[in-house]
Each structure stands twice: as C-alpha cells, then as structure tokens.
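Peer 1: predicted model and sequence below, questions to follow.
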Amino acid sequence: MALKMKLSVPLIFLLVLVLAAGSNGGGISIYWGQNGNEGTLAETCATGKYEYVNIAFLATFGNGQTPMVNLAGHCDPYSDGCTGLSSDIKSCQAEGVKGVRRRLDLDGIDFDIEGGTGEHWDDLATYLSGYSKKGKKVYLTAAPQCLFPDAWVGSALKTGLFDYVWVQFYNNLEDAWKQWTSDIPATKIFLGLPASPDAAGSGFIPVNDLTSKVLPAIKNSSKYGGVMLWSKYYDDQSGYSSSIRNHV
C-alpha cells in the first residue's frame, strides 16, 4: 500500500476486520489502528460514517509465531496493553457493527500482503473459510494493489472465497475497474482511495471529481461495493468520508 506508514517488520500483513452490519448499496470501509491521534475503535464505530472498520495490523503470524498485533500508538501488545480492544469491539457490535479470531470475536480476516512471496495465501484463505462451516460466517477481504493480477494475493483471489475486495485503484481507474470486476469472483469490489493528499504518495481524488466523474462511471457494476479509505486519522483531518457519503 503506497501509504505514509512504516513499520519495523516485513511488509506482510494480515488484517483483522470488524464488519458493519449489511448495508444496501455502497458503503465506506476505513482502516483504523495506525495513528494514536485518530480516536479509539469504539469512537470510530460510533461516528456512524463507516460500514466496515478494518483493524490494522496483525503484523506477526505464521511459522509457529504467536500472532501479535501492531496498533501503533493505541496500545502495547507485548504488555497485554491491547486487551481493552475487546470491549471496543463489543461497543462497535452494539452500534450495529457486528463481530474471526475467537478471543476478540471479530468477523473476518483482511489480506493486505505487500511482501514475501505469492505462495500459500490461497491455502490460508481456504483454511480460514473452513471456519464458516462451524456455525459462524468468516468474512475474507483483501486490499490488493491495482496492477492486475496482484503479485501476492492474485492466486488467492481466484479462489472465489473473498467477500469484499477493496482494490487500491488510486491513479489507475476505469479500465482497471472493469478488469477487476470481470475477472475476480468476489462478492463486492471497493474503490480503494487515500482519504487525503497526505495519506499516500499519489492517487488522491478530490471530492468533486469523485462524486461527479468517478463514482457515476463505476456504480452501475453489480459488484460495486463502495469506497475504502486509508485511514481513519487522515479522514479525520480531511472530512472526506462525510463529503462523499451521500454519493457512495
């Protein structure tokens, strides 16, 4: 993700998802967790602006490692400082944001893979989807780069197991949109955008251009799901989601 965010770990991320109750038409997805000044998770859900809230990031996992979140300035997982997140998740669910990791009772896993190899992500998706057969739906989402197919999760997306795919379209829009919506068997495809000019190296679309030109060009697709924004902190600064909400 071409974002102004750096972590001292390899750029291979598995993101956990708090999924909003089903919406009719398009919705707004937001990433939360990488800036301590963006408010709490509970406050984010309480704004009523977002149908989907992605918790970023679960940066340590696999190879026998104990899964560990990295939530920047919000809490320190190494001292069990993130246990309060559980109550925030319950608060989100009470707001209509429903709750895959059992300790936190989340709704699913988001694949934002930007390093390593492209191998075995399809196997992981298949394994995780198996939990849906045990009584609770496990949502699978992904945030691939715009270049098609994505170098890391391209094969995984071909499995048809992903519910929501928020593609980082940025500057590569209309033709790319047609390719993603025609070739990826996901339930919904989202237009992934930076929430302000400072949120990414490029790709910011001014509100007027988005609402008058871009959205009308893509909303007729049966796979249109809405808009994904990086991130809550930048959205707070710009008010982007509030400006586009009635058009999504």
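Peer 2: Noted; the coordinates are in hand. If you're wondering where the values come from, they're calculated on a predicted model, not measured in any experiment.
Peer 1: show me the shaky parts of this protein.
Peer 2: 1-24, 96-98, 100-105, 170-172 (pLDDT under 70).
Peer 1: residue 167 bridge partners, please.
Peer 2: On the basis of DSSP bridges, residue 167 is bridged to residue 191.
Peer 1: pull the number of nearby residues for it.
Peer 2: Per other CB atoms under 10 Å, the neighbour tally for residue 167 reads 27. Quick note: C-beta positions are derived from backbone N, CA and C, even for glycine.
Peer 1: which of the three states applies to the residue most central in space within the chain?
Peer 2: Note on the chain: the residue nearest the mean C-alpha position is residue 54, at 4.8 Å, using CA atoms, centre = their mean. Using DSSP: H, G, I helix; E, B strand; the rest coil, the structure places residue 54 in strand.
Peer 1: beta partners of it?
Peer 2: Applying DSSP bridges, one finds that residue 54 bridges with residue 17, residue 31.
Peer 1: that one and residue 135: what is the separation?
Peer 2: 24 Å (CB to CB, to the nearest Å).
Peer 1: repeat for residue 43
Peer 2: Separation of residue 43 from residue 135 (CB to CB) stands at 31 Å.
Peer 1: who has more neighbours, the two?
Peer 2: For residue 43 and residue 135, the more surrounded residue by other CB under 10 Å is residue 43, and the numbers stand at 14 against 6.
Peer 1: helix or strand: which one has that one?
Peer 2: Counting by DSSP states H and E, the element that carries residue 43 is helix 41-46.
Peer 1: tell me the helices and strands packed up against that helix.
Peer 2: For helix 41-46, the contact count by 3 or more CB pairs under 8 Å, 6 or more residues apart in numbering; DSSP states H and E identifies strand 27-32, strand 52-60, helix 85-94 as packing neighbours.
Peer 1: for the residue of the chain positioned farthest from its centre, phi and psi?
Peer 2: For the chain, the largest distance from the centre (CA atoms, centre = their mean) belongs to residue 79, which lies 26.4 Å off. Dihedral angles of residue 79 (phi, psi; degrees, to the nearest 10) stand at phi -110, psi 20.
Peer 1: same deal with residue 144?
Peer 2: phi -70, psi 160.
Peer 1: that one and residue 169 touch, don't they?
Peer 2: No. Between residue 144 and residue 169 there is no contact under CB atoms under 8 Å: 10.1 Å.
Peer 1: for residue 227, see how far away the closest residue to residue 129 other than its chain neighbours is.
Peer 2: With sequence-adjacent residues excluded and distances taken as CB to CB, 6 or more residues apart in numbering, residue 129 is closest to residue 161, at 4.7 Å. Distance, residue 161 to residue 227, using CB to CB: 23 Å.
Peer 1: cool, residue 25 as well?
Peer 2: 12 Å.
Peer 1: tell me which of the two has more neighbours.
Peer 2: For residue 25 and residue 227, the more surrounded residue by other CB under 10 Å is residue 227, and the numbers stand at 28 against 10.
Peer 1: assign the more buried one to helix, strand or coil.
Peer 2: Under three-state DSSP, residue 227 comes out as strand.
Peer 1: what's the distance between it and residue 202?
Peer 2: Relative to residue 202, residue 227 is positioned 17 Å away (CB to CB).
Peer 1: where exactly do the strands run in the chain?
Peer 2: 12-20, 27-32, 52-60, 68-69, 97-98, 108-113, 139-142, 164-167, 188-194, 224-230 (DSSP state E).
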